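1. Give the three-dimensional model of this entry:
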Amino acid sequence: MDAPSPASVPGDTAVSLEGRSFRFDISADTPLPPGSYVTLVEPSGRTSLGQVETRDVAGLSRASGLGSLLGVIEPEKQLNQRASSAFAVASVRPAGPELIELLHRAAGATLEIGTLLASLETPGRLLPHRFNRHTFWCGQSGSGKTYALGVVLEQLLAHTDLPIVIFDPNADFVRLAEVRTDAPDADAADLAARDIRVLRPGNGPGEHLHARFRSLPVKIKAAMLRLDPLLDREEYNSVLHLEEFLSVTDPRSILDRLRGSTDLSHHALALRIENLGLLDWEVWALNETAATEIIDTRPAATVLDLGGFQFAEEPLVAAVSVLDHLWAHREERRPVLLVIDEAHNLCSPDLDSPLQGVLREQIIQIAAEGRKYGLWLLLSTQRPSKIHPGIISQCDNLVLMKMSSPADLAELGAVFGFAPPALLAQAPRFRQGEALFAGGFVPAPSVVKMRDRITYEGGIDVGVPLRARP
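-> Alright, predicted model coming up:
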């Protein structure tokens, strides 16, 4: 007779006192690491699906730990997520792929992003309707963060009608409309049919990334001019009273109008504009279409290539003009996902220029109040400690890739209490392309090995030239 498998060793049992969590005691040989799925079978035959959250070895032969109950498996092979209840004893067994599929089906998880590390036969899926919450995505350099983010954006584009605006500082997503020749036919067809606009700096071919000067509110114009309301009282006050004067189609006409004034503060303002080179910025739309006007038509995706401008303030103006416009029209309640890559460049508490401050405050406002208007953030960074805490605290979804910093992991654990500590602790050992998903947009916290991209990645690493051997 064959020896019993670890999954069927007698004495692998669990108990639930309140019907939400369970405590288990199993053989040390039973393969149930944190994150794995289990079935809990009561003597009556009632079967629940659960997930292991912690596991502690008690001596050489036994292990114990805690888990969460995910629902009861009904006779008709459906998972009832609201039917979990307490039980005195149940046997514990690893759950097969077909039972994990029941969980995905019950939760409405349809976006396939890879495979679950806890069960490599099972696809990892996200809930598309729960991107109506802010998402925080982080991973250190080399973790595969940008590639993995592209996988999720492709799935959203292929399988939802949620418009996406991508703030792209490193041109990583500028090829999002280019389907790979080796992509699966069904995915390629779904993605190729979407309207994806890529706006880039300069005057070359393609569509350009521009802001409409006259549409910017006074606070942004003052910030561009580096005016402090107290230290630069006269010039700032001039801007306040020149709103109609400054709302011109062509900002190049402003200098002549200011110099022609008899007000000395207007002359000082003209000098400031000229010294800053504001009128030489390529970002101004002039007779071309502004990014806000393109976004108003709600393409499937609008990629804002923020790199390549000559002046450091230009990408900030492009970004804040879009965010301010969407906020100003928030009462229209037109959903849009705002993806900010390398978010520490736009919303760090350490950014101190007036323009950076206005941009950061706009993101904080959207984080705090934008959700109810359909303005949803997805912030991606390799430096979570450099994101304003008022923004991180508003995020209900977490994606964590390889992260070795103990300080960053401790901070993430404190903010995202819904992420099991045992899974967070695995982050330093993640391989490239592996990620922990936790929060409302995943049926249960899961470590996923990401699937291949459907489109080309824009900012791939440059390889080291190697000398050929003779």
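2. just the strands in the stretch 301-450 of the chain please.
-> 301-305, 336-340, 375-381, 397-400, 434-439, 446-450 (DSSP state E, counting those that start in this stretch).
3. List the buried residues of stretch 354-365.
-> Within stretch 354-365, the residues scored as buried using 16 or more other CB atoms under 10 Å are 354-356, 358-360, 362-365. Every residue, glycine included, has its C-beta placed from N, CA and C.
4. rewinding a little: out of the strands of the stretch 301-450 of the chain, the one nearest residue 420 is which?
-> With CB to CB, the closest approach to residue 420 among those belongs to strand 434-439: 7.5 Å.
5. Need the CA coordinates for that closest one. PDB is fine.
-> Extracted as PDB, the C-alpha positions of strand 434-439 are listed here (Å, rounded to 0.1, in the frame of the first residue of the first chain):
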ATOM      1  CA  GLU A 434       6.800  38.400  -8.900                       C
ATOM      2  CA  ALA A 435       4.400  40.600  -7.000                       C
ATOM      3  CA  LEU A 436       2.200  40.600  -4.000                       C
ATOM      4  CA  PHE A 437      -1.400  41.800  -4.700                       C
ATOM      5  CA  ALA A 438      -3.500  42.800  -1.800                       C
ATOM      6  CA  GLY A 439      -6.700  44.900  -1.200                       C
END
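6. now it, how far from the centre of its chain.
-> 11 Å (CA atoms, centre = their mean, to the nearest Å).
7. what sits up against it?
-> Strand 434-439 has contacts (CB atoms under 8 Å, 6 or more residues apart in numbering) with 117, 124, 126, 130, 133, 135, 139, 144, 148, 395-402, 416, 418-420, 423-424, 426-427, 430, 445-450.
8. Narrow those to those that are buried.
-> Listed as buried from those are 117, 124, 126, 130, 133, 135, 139, 144, 148, 395-402, 416, 419-420, 423-424, 426-427, 430, 445-450; burial here means 16+ other CB under 10 Å.
9. Just the ones of these in helices?
-> Among those, the members falling in helices (DSSP state H) are 148, 423-424.
10. Could you single out the nearest of these to residue 184?
-> In terms of CB to CB, no member of these lies closer to residue 184 than residue 148, at 17.9 Å.
11. Identify the spatial nearest neighbour of that closest one, chain neighbours not counted.
-> residue 450 (4.5 Å; CB to CB, 6 or more residues apart in numbering).
12. picking that back up, between the ones in helices among the buried ones among the contacts of strand 434-439, which is closest to residue 82?
-> Of all these, residue 82 sits closest to residue 423, with 24.6 Å by CB to CB.
13. Now for the closest one: which residues touch it?
-> Applying CB under 8 Å, 6+ apart, the residues near residue 423 are 34-35, 53, 436, 438, 445, 447.
14. For the spatially most central residue of the chain, give the beta-bridge partners.
-> Centroid check for the chain by CA atoms, centre = their mean gives residue 378 as the closest residue, at 3.0 Å. Counting by DSSP bridges, residue 378 is bridged to residue 135, residue 339.
15. so who does it touch?
-> By CB under 8 Å, 6+ apart, the neighbours of residue 378 are 131, 134-135, 137, 149, 337-340.
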